[in-house]
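>>> Okay, here's the prediction I keep looking at, along with the sequence it came from:
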Amino acid sequence: MAIGTNSLVRWTAPDGPWTEPDLHLFPQDGHRYEIVDGSLHVTPPLDGPHETVVRALVTVLRGAAPDGWWVCARLGIESGTSNLIPDVTVLRPHSSGAIWADPADVALVVEVETATSRRFDRLLKPTLYADAGIETYWRIEPDPEPVLHTYALGPDGYVHEKTMQGADLVKVDAPFPVRVSPSAWL
């Protein structure tokens, strides 16, 4: 990294794969910096509706979480040569408390789609989370009205369980019993 008078901070890419320490070189500028199998992936800053859905979901999950469970927005997960940052992460009781969560501690990951993350959230991230052994994956399509898709880990990856939308409260059993009303999240 080189810093000069009246210049921007500059960095260079590593000679080999990107690793977790490389992520500390980036500014806290609203972008999401993740590593997938040693390659850098950057998502632009997220919009207001996305953040509204994330905050509402965190509130709902925290309200239903049994004692000892943790519900976190944007807590990173380290799995092999990947460092991923889901929108919402639910940790089991007695988790390690590390800066990057161990997938064995993670009961649920949630991704809220945006136009710039849609393919990543539908195709790549679920595969990586399933490979890491994370039992439950939720994907939310926020526009025009939130739609929640729930998935459970099967022998060959995630299996779709339910699709929910609207104002009616619907019970979801994993990672713990919770009643959700997707339209209330916006």
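Here it is on my side, so go on.
>>> What pLDDT does the model give the most centrally placed residue in the chain?
Centroid-nearest residue in the chain: P86, 1.0 Å away (criterion: C-alpha atoms, centre = their mean). Looking at P86, its pLDDT reads 97.
>>> likewise P14?
Looking at P14, its pLDDT is 89.
>>> tell me the SS of it?
Secondary structure state of P14, per DSSP: H, G, I helix; E, B strand; the rest coil, is coil.
>>> how near is it to I35?
Per C-beta to C-beta, to the nearest Å, P14 is found 11 Å from I35. Just so you know, the C-beta spots here come from the backbone N, C-alpha and C atoms, and that holds for glycine as well.
>>> So N83 sits against I35, correct?
Yes: applying C-beta atoms under 8 Å as the test, N83 and I35 come out as touching, 4.4 Å apart.
>>> Just the helices from the protein, written as ranges.
Secondary structure of the chain by DSSP state H: the helices cover 20-23, 48-64, 118-119, 125-131.
>>> Any buried residues in the first one, and which?
To tie it back to what came earlier, the one meant is helix 20-23. Within helix 20-23, the residues scored as buried using 16 or more other C-beta atoms under 10 Å are D22, L23.
>>> Using CSV, list the CA coordinates for it.
The C-alpha coordinates for helix 20-23 follow below in CSV (Å, rounded to 0.1, in the frame of the first residue of the first chain):
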residue,chain,number,x,y,z
GLU,A,20,-8.7,-13.1,4.9
PRO,A,21,-5.9,-10.6,5.9
ASP,A,22,-6.2,-9.0,2.4
LEU,A,23,-9.7,-7.9,3.3
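>>> Ranking the helices of the chain by mean neighbour count, which comes first?
Highest mean neighbour count of the helices of the chain: helix 125-131, a mean of 19 (counted as mean count of other C-beta atoms under 10 Å).
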